[in-house]
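Undergrad: next come a sequence and a model predicted from it.
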Amino acid sequence: MAFFSPDETLTNQAQNILKATWQEFPTLAKNQIALTWIVYDQPVIVNTGGALSPEEFWQYPLPGFSYRGEEKIYPASIVKLFYLVAIEEWLHSNMVSESSELNRAIRDMIVDSSNDATSLIVDVLSGTTSGATLAIGPFETWKYQRNIVNRYYQSLGWEELDTINVNQKTWCDGPYGRERMFVGEIYDNRNMLTTNAVARLFHSIIGGIAVSSSASQKMMDLLKRDVRKKTLNDHQEENQINGFLGQSLPNNANLWSKAGWTSKVRHDCAYIEIPDHKPYLLIVFTEGEENSRNRHLIPFISAKFANL
């Protein structure tokens, strides 16, 4: 049972949007897209000042819809959302100490989607480092340490997280040495997420119960985007708005998001507030080289949901 309940009206609306998307982009295969959509009644229930316990928070009903929401898909930089929550948990539990350099890496990982910053965060979370290949014994120890973030998420007991894998760094050119060994001969140990898993984690941040209310607010501050920045600067490859969900939103919308992209996937997850609309959480994963290059696909989907 997912953390949200299927809703007939939302199902009909979302299915019509999917049909319109396949009509507009006929080369998008049915198994190259996954989507989860959660709609909030106002006021959105949040853990303001710690007044609401996590147990109470999860009792509030949520209407939603998902298409292939349980399918495991390579998440690209969406995994950084999971590393963000984990590092805030480590800080909250005094497992690591706050520093200006760690804060800089956390910011750059989310705001700029820096892979270099993410590498440091994964090292701090796991107590491991990249480097040359290791002998079998030390490598087994290294792998156990690297899987600490997986163990943390499994400890939450959320069924949406049962099948995920979040133990790999994100790369520009790819892994080398012990990192290449760890990802597997055929990349069978690469990161994997579902849109439902992303939705539940993002929902916990929005609601203020991810780690703590203050940590959740800190994370929301990092995830906040300026929807007016719809064009890329000359030096930008991506800005996490152009070509993603934020591109189609009106300039008076509020957007909190984390995008991910490679040569084979293009994803986005976002919490969106538009005046005179119910706030909503939308996660869209797309696969395939052609779709990853298509800067119109995800904005097209976003526009359809924004105009409901």
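TA: The structure has been received and is ready for your questions.

Undergrad: please, where are all the strands along the stretch 1-150 of the chain?
TA: Using DSSP state E, counting those that start in this stretch, the strands of the stretch 1-150 of the chain run over residues 5-6, 33-39, 63-67.

Undergrad: can you give the strand pairings for the shortest one, parallel or anti for each?
TA: I take that to be strand 5-6. Here strand 5-6 is paired, per DSSP bridges, with strand 63-67 (parallel).

Undergrad: same check on the second one?
TA: Using DSSP bridges, the strands paired with strand 33-39 are strand 63-67 (antiparallel), strand 280-287 (antiparallel).

Undergrad: so what touches it?
TA: 4, 7, 10, 14, 18, 21, 62-69, 71, 73, 194-196, 198-199, 203, 278-287, 291, 301, 305 (CB atoms under 8 Å, 6 or more residues apart in numbering). Where you see a C-beta, it was placed from the backbone N, CA and C, and this is true even at glycine.

Undergrad: which PyMOL command selects the buried ones in these?
TA: Restricted to the buried members of these, where burial is judged by 16 or more other CB atoms under 10 Å, the PyMOL selection command reads as follows:
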select buried, resi 4+7+10+14+18+21+62+63+64+65+66+67+68+69+71+73+194+195+196+198+199+203+279+280+281+282+283+284+285+286+287+291+301+305
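
Undergrad: picking that back up, adding mean pLDDT and distance to Asp112, write the strands of the stretch 1-150 of the chain out as a markdown table.
TA: Output for the strands of the stretch 1-150 of the chain, formatted as a markdown table (pLDDT from 0 to 100; distance: least, CB to CB, whole Å):
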| stretch | mean pLDDT | distance to Asp112 |
| --- | --- | --- |
| strand 5-6 | 94 | 36 |
| strand 33-39 | 98 | 25 |
| strand 63-67 | 97 | 29 |
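
Undergrad: output stretch 219-227 as PDB, restricted to C-alpha atoms.
TA: Extracted C-alpha coordinates of stretch 219-227, given in PDB (Å, rounded to 0.1, in the frame of the first residue of the first chain):
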ATOM      1  CA  MET A 219      16.600  21.300   2.800                       C
ATOM      2  CA  MET A 220      13.600  23.200   1.300                       C
ATOM      3  CA  ASP A 221      15.700  26.300   1.200                       C
ATOM      4  CA  LEU A 222      18.400  24.500  -0.900                       C
ATOM      5  CA  LEU A 223      15.800  23.000  -3.200                       C
ATOM      6  CA  LYS A 224      14.100  26.400  -3.900                       C
ATOM      7  CA  ARG A 225      14.300  27.500  -7.600                       C
ATOM      8  CA  ASP A 226      13.600  30.800  -9.300                       C
ATOM      9  CA  VAL A 227      11.200  29.900 -12.100                       C
END
